[in-house]
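Student: Give me coordinates for this.
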Amino acid sequence: MAEMNGIDKKSNMYDNVEEVIWEEKKRRLSTVWIVPIVALVVGAWLMFQSINEKGPEIKITFKSAEGIEVDKTVIKYKNIVIGKVKDVTFGNNLKDVIVTAELKKNMQPYLSEKTRFWVVRARLGVGEVQGLDTLLSGAYIVIDPAKGKEKVRNFSGLEEIPVVDKSEKGETFILKANDIGSLSVGSPIYYKKLQAGSVASYSLDPDGKKISIKIFIKEPFNHLVKDVTRFWNASGISAGITANGVEIQTESLTSILLGGLSFDNFAIHGLGVDVKPNYVFNLYENIKKAKKIKYKRELYFWVYFKDSIRGLSIGAPVEFRGVKIGEVVSFSLEGDASTSEFRIPILIKIEPQRFTILGVKTEKKENSVDVDIFKGLLEKGFRAQLQSGNLLTGELFVDLNMHDNVTGGELRKENGFYVIPTVPATIETLKSDVKTVLDKIAAIPFKSIGDEVNSLVLDVRKNTLPTVNSTMNNLNRLVTDTNKMMNSANRNYFDNNAEVNKKLIKLLDELTKTSRSIKHLTDYLERHPESLIKGK
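Tutor: A predicted model of the protein is given here:
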């Protein structure tokens with residue numbers, strides 16, 4: 001028992017020692033590993049946070065990497081940095097460059113098929129300065145975020161800075177033109193000289209016949225665009241000479257340098273209705289053609305001239321007594337080999353809706369000629385004539401009018417259209433009259449008339465002048481004698497000291513006294529008539 005107790009005590013002692021050692025070991029392990037464990041946890045948390053906060057990685061394809069640098073070039077939206085370029089490499093065909101960039105996480109919902117990217121570099125243009133801040137900070141990429149249907153990570157960057165900002169309200173429309181002229185992306189568009197929009201882009205139609213110009217009209221100007229709205233090219237300076245003098249039109253200095261467009265709603269085209277975005281309009285060359293009314297009825301006629309038509313152009317007006325009723329469509333030159341004669345056929349267009357004819361009972365087809373009316377006009381002298389529209393520029397137009405004493409008014413057709421007979425142009429008639437006068441003047445025998453005049457002058461000098469001189473001398477002597485006689489009469493009769501004059505004065509005194517005596521006698525007899533019988 002004693003041995004057993006000794007053994008138990010030893011066992012308990014060893015157990016206590018081991019427990020103390022174990023407790024000591026446990027205490028040592030906790031103190032040593034607590035720091036690494038905490039560091040590991042923190043590192044794991046930071047890694048989780050970094051992975052969780054990491055933004056999307058995208059690839060943007062550009063034509064050139066000019067100004068783009070890895071870890072330096074940033075991506076901005078509204079001038080706030082939201083990403084940075086991580087890598088730049090070539091595409092598979094070495095024609096493009098691929099820019100790899102990392103964006104902030106909050107941009108992830110805005111990476112869609114509608115999102116756009118472009119590079120902003122310093123650029124000095126005629127009408128604007130772009131990217132001036134890049135001179136110090138370097139080029140940067142701009143994002144135009146937009147939510148869409150698809151999530152996209154590969155994008156094609158724009159080579160030109162877009163004109164239209166998606167945040168700006170307005171509408172886009174399409175213009176069809178024969179050529180681009182001086183327009184470019186960003187060219188201004190004006191409404192009553194107020195900038196209402198700009199040219200967004202342009203491209204050649206697939207058939208190669210027209211240019212499609214995409215324009216953006218901002219609010220509130222987009223509400224002014226109707227189906228009757230007319231757009232025209234306002235680039236440069238438009239100048240012309242009219243009856244009122246020289247007219248010069250331009251929208252602004254910017255449109256002169258960079259080109260520009262204008263639009264308006266003219267009353268002559270009606271009120272119109274609203275149109276939807278991307279509605280297609282025709283682009284007119286100038287405001288004059290934009291204002292022009294398109295008439296439904298068009299009647300075509302031939303007129304033939306033999307004289308020069310220099311100064312006549314396609315589109316020249318056709319007038320009747322000063323009122324425009326149509327225009328010149330085309331003209332050419334025809335010659336007859338057998339007679340060596342030439343004529344100039346001119347195709348003119350008359351628009352009946354420009355005037356009214358009274359007394360018409362039946363309505364003719366849209367583009368048919370009323371033969372009865374036309375024949376009646378021809379019989380009354382309806383003719384075509386070239387007239388000068390402007391003496392300074394020499395422009396001609398076709399004048400239709402009624403003429404007296406004309407022949408050849410029969411009704412005839414050529415090449416599907418009726419022919420309007422012509423009379424010589426006023427200038428040609430004037431030339432003919434001047435030639436006739438000159439011919440008559442040339443027929444006058446100036447030489448024989450001059451010889452006769454010379455002979456007459458010699459005869460006057462030899463015969464007439466001596467006689468005239470003799471007559472004048474005799475007349476001078478007669479005048480001298482007459483003067484002498486008048487002086488003698490003046491001395492004898494009108495001088496106060498002349499004897500005749502004294503006797504005449506005395507005679508006049510006697511006559512005065514006699515008349516007084518007679519006057520007294522008559523007065524006395526009136527008072528005393530009886531004295532004629534009884535005496536005084």
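Student: Low-confidence stretches in the stretch 1-150 of the chain?
Tutor: In the predicted model of the stretch 1-150 of the chain, residues 1-33, 48-53, 122-137 satisfy pLDDT under 70.
Student: Do a quick rundown of the helices in it.
Tutor: With DSSP state H, counting those that start in this stretch as the criterion, the stretch 1-150 of the chain has helices at 2-53, 134-137.
Student: and what of the chain?
Tutor: Remark: helices assigned in the chain by DSSP state H are 2-53, 134-137, 253-258, 287-291, 371-379, 426-443, 446-459, 465-489, 499-527, 531-534.
Student: Touching, Leu333 and Phe342? I think so.
Tutor: Yes: applying C-beta atoms under 8 Å as the test, Leu333 and Phe342 come out as touching, 6.3 Å apart. (Glycine included, C-beta is placed from N, CA and C.)
Student: Count the neighbours of Pro277 for me.
Tutor: By the measure other C-beta atoms under 10 Å, the count of residues near Pro277 is 12.
Student: List the contacts of it.
Tutor: With contacts defined as C-beta atoms under 8 Å, 6 or more residues apart in numbering, the neighbours of Pro277 are 171-173.
Student: And Phe231, by the same measure?
Tutor: Applying C-beta under 8 Å, 6+ apart, one finds that Phe231 lies in contact with 175, 215, 261-263, 281-284, 290.
Student: From the residues you listed, pick the one nearest Lys104.
Tutor: Sorting the contacts of Phe231 by distance to Lys104 puts Ile215 at the head of the list, at 34.8 Å, by C-beta to C-beta.
Student: what bridges to that closest one?
Tutor: Phe173, Val199 (DSSP bridges).
Student: Cross-check the contact I'm expecting between it and Tyr191.
Tutor: No: in this structure, Ile215 sits apart from Tyr191 without contact. The criterion is C-beta under 8 Å, and the distance is 12.0 Å.
Student: quick one: which of these two has more around it?
Tutor: Ranked by neighbour count (other C-beta under 10 Å), Ile215 and Tyr191 place Ile215 first, with 28 against 18.
Student: can you pull the pLDDT of that one?
Tutor: Looking at Ile215, its pLDDT stands at 94.
Student: Now do Gly55 against Lys84, distance only.
Tutor: Distance of Gly55 to Lys84, computed by C-beta to C-beta, to the nearest Å: 10 Å.
Student: Show me the common contact partners of the two, please.
Tutor: Glu102.
Student: so where's the stretch 151-300 of the chain uncertain?
Tutor: Answering for the stretch 151-300 of the chain: the residues below the bar, that is pLDDT under 70, span 166, 236-259.
Student: now the strands: where do they sit in it?
Tutor: Here the stretch 151-300 of the chain has its strands, by DSSP state E, counting those that start in this stretch, at 154-156, 170-177, 188-191, 194-204, 211-218, 230-233, 238-242, 245-249, 261-264, 280-284, 299-305.
Student: May I have the strands that pair with the last one, each with its orientation?
Tutor: The pairing partners recorded for strand 299-305 under DSSP bridges are strand 341-350 (antiparallel), strand 417-419 (parallel).
Student: need those strands in JSON lines with mean neighbour count, can you?
Tutor: Supplementary listing: the strands paired with strand 299-305 in JSON lines, determined by neighbours: other C-beta atoms under 10 Å:
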{"stretch": "strand 341-350", "mean neighbour count": "17"}
{"stretch": "strand 417-419", "mean neighbour count": "17"}
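Student: Using JSON lines, lay out those strands together with mean pLDDT and distance to Leu312.
Tutor: Compiled in JSON lines, those are given as follows (pLDDT from 0 to 100; distance: least, C-beta to C-beta, whole Å):
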{"stretch": "strand 341-350", "mean pLDDT": "93", "distance to Leu312": "8"}
{"stretch": "strand 417-419", "mean pLDDT": "92", "distance to Leu312": "18"}
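Student: So for Lys380, which of the ones you listed sits nearest?
Tutor: Closest approach to Lys380 among the strands paired with strand 299-305 (C-beta to C-beta): strand 417-419, 15.9 Å.
Student: who touches that closest one?
Tutor: Under the contact criterion C-beta under 8 Å, 6+ apart, strand 417-419 has outside partners 300-304, 347, 369, 374, 411-413.
Student: ok, 7 Å please
Tutor: By C-beta atoms under 7 Å, 6 or more residues apart in numbering, the surrounding residues in contact with strand 417-419 are 300-302, 369, 374, 412-413.
Student: ok, now how distant is Glu159 from Ile180?
Tutor: Noted for Glu159: a distance of 18 Å to Ile180, by C-beta to C-beta.
Student: Hmm, I typed the wrong one, I wanted Asp274.
Tutor: In this structure, Asp274 lies at 28 Å from Ile180, with C-beta to C-beta as the measure.
Student: Show me which of the two is the more surrounded one.
Tutor: Of the pair Asp274 and Ile180, Ile180 is the one with more neighbours under other C-beta under 10 Å, namely 17 against 11.
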